[in-house]
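Asker: Here is my input; please provide its structure:
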Amino acid sequence: MAGGYVPTGVAGVDRILGEKGIPKGHTVLVSGGPGSGKTTFAMQFLYQGATEYDEPGLYVSMDEDPADVKRNMANYGWDCDGLEAEGRLAFINVSPVRAASESSGLVQLGMKEFKLIKLLEAIRESAGEIGAARIVIDPVTMFMLQYPDDTQRTYALKDLLAGLRDLESTDLLVSELKGTGMEREHQFEEYLAQGVIILRTMPKGDKLTRAFQVEKMRGLKIDSQPHPYEITDTGVEVYPTLTVFR
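Answerer: Residues are numbered from 1 along each chain as shown. Model (predicted):
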């Protein structure tokens, strides 16, 4: 696999990542609570890749209907349908907990077929059709719930990461954050991923503030301090020169 870095295209983030971006081929966990902007951040990564860096992207939905995701992203001025028509973005729905729609051309996997091999086949096929260089799985939490046993869950995630690595793409796995405070229990998937980005909404005085933090990024010197961020009319914007704690 060729070296190099993949710019996120998210305002302020690449500066935190040593002015470089995510090391090419890494799989990064993006974890946050409800309303923290996880999906927006992940879609911004794909959209900027497709429009600014000539890197097609694949969005793998495990929960929300991709049509709803695209509709929500249009609020930021992102024409996902247009990019999809041009073969620069692709969307597949592999949710294991919804009824298949005969009218949709999206890939559909029912509960009985929701296995790691089937999931990787669906990703591999769709990624190959557009030459995807960036892949988002949102949320990987739904995948983990299919394995109630801790040992099975660990091996399943290891196998998923290995399958993604074979595609030589740069990937974001979106997950729910368990606890939004600075002192929290780390989730096992944080140890397996090559990078971890945390999006928090936390109290500061009598107000709430959003805090963006890169907890780790293997092979890269990073700024690991929490920095404020906002969800603006044009997407997520991080302020790397400001600090949450003063």
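Asker: Checking the spatially most central residue of the chain next. Helix, strand or coil?
Answerer: Closest residue to the average C-alpha location of the chain: residue 172 at 3.4 Å, with CA atoms, centre = their mean. Using DSSP: H, G, I helix; E, B strand; the rest coil, the structure places residue 172 in strand.
Asker: I figured it hits residue 49, correct?
Answerer: No - at 10.7 Å, residue 172 does not count as touching residue 49 under the criterion of CB atoms under 8 Å. Quick note: C-beta positions are derived from backbone N, CA and C, even for glycine.
Asker: one step back: what pairs with the residue nearest to the centre of the chain across the strands?
Answerer: Judged by DSSP bridges, the bridge partners of residue 172 are residue 28, residue 136.
Asker: Quick check, pLDDT for it.
Answerer: On pLDDT, residue 172 comes in at 98.
Asker: same thing with residue 209?
Answerer: You'll see residue 209 listed with a pLDDT of 91.
Asker: That one and residue 200: what is the separation?
Answerer: Distance, residue 209 to residue 200, using CB to CB, to the nearest Å: 9 Å.
Asker: what's near enough to touch the residue lying closest to residue 210 once chain neighbours are set aside?
Answerer: Leaving aside its sequence neighbours, residue 210 sits nearest to residue 229 (CB to CB, 6 or more residues apart in numbering; 5.0 Å). By CB atoms under 8 Å, 6 or more residues apart in numbering, the residues touching residue 229 are 12, 37, 199, 210-212, 236-239.
Asker: how about residue 229, secondary structure?
Answerer: Classification of residue 229 by three-state DSSP places it in strand.
Asker: partners of it in the sheet?
Answerer: Beta-bridge pairing for residue 229 (DSSP bridges): residue 238.
Asker: Tell me how far it lies from residue 133.
Answerer: Taken as CB to CB, the span from residue 229 to residue 133 is 25 Å.
Asker: Need the residues that contact stretch 79-91.
Answerer: With CB under 8 Å, 6+ apart as the test, stretch 79-91 has contacts from 43, 46-47, 50-51, 56-59, 61, 66, 69-70, 73-74, 106, 126-127, 129-130, 132.
Asker: show me where the chain has strands.
Answerer: Ranges of strands within the chain are 5-6, 22-23, 27-32, 57-61, 89-93, 134-138, 170-176, 195-204, 207-217, 227-232, 235-238, based on DSSP state E.
Asker: can you pull the buried residues of the longest helix that the chain contains?
Answerer: Determined from DSSP state H, the single longest helix within the chain is helix 150-167. Buried positions in helix 150-167, judged by neighbour count with 16 or more other CB atoms under 10 Å: 153-154, 156-157, 160-161, 163-164, 167.
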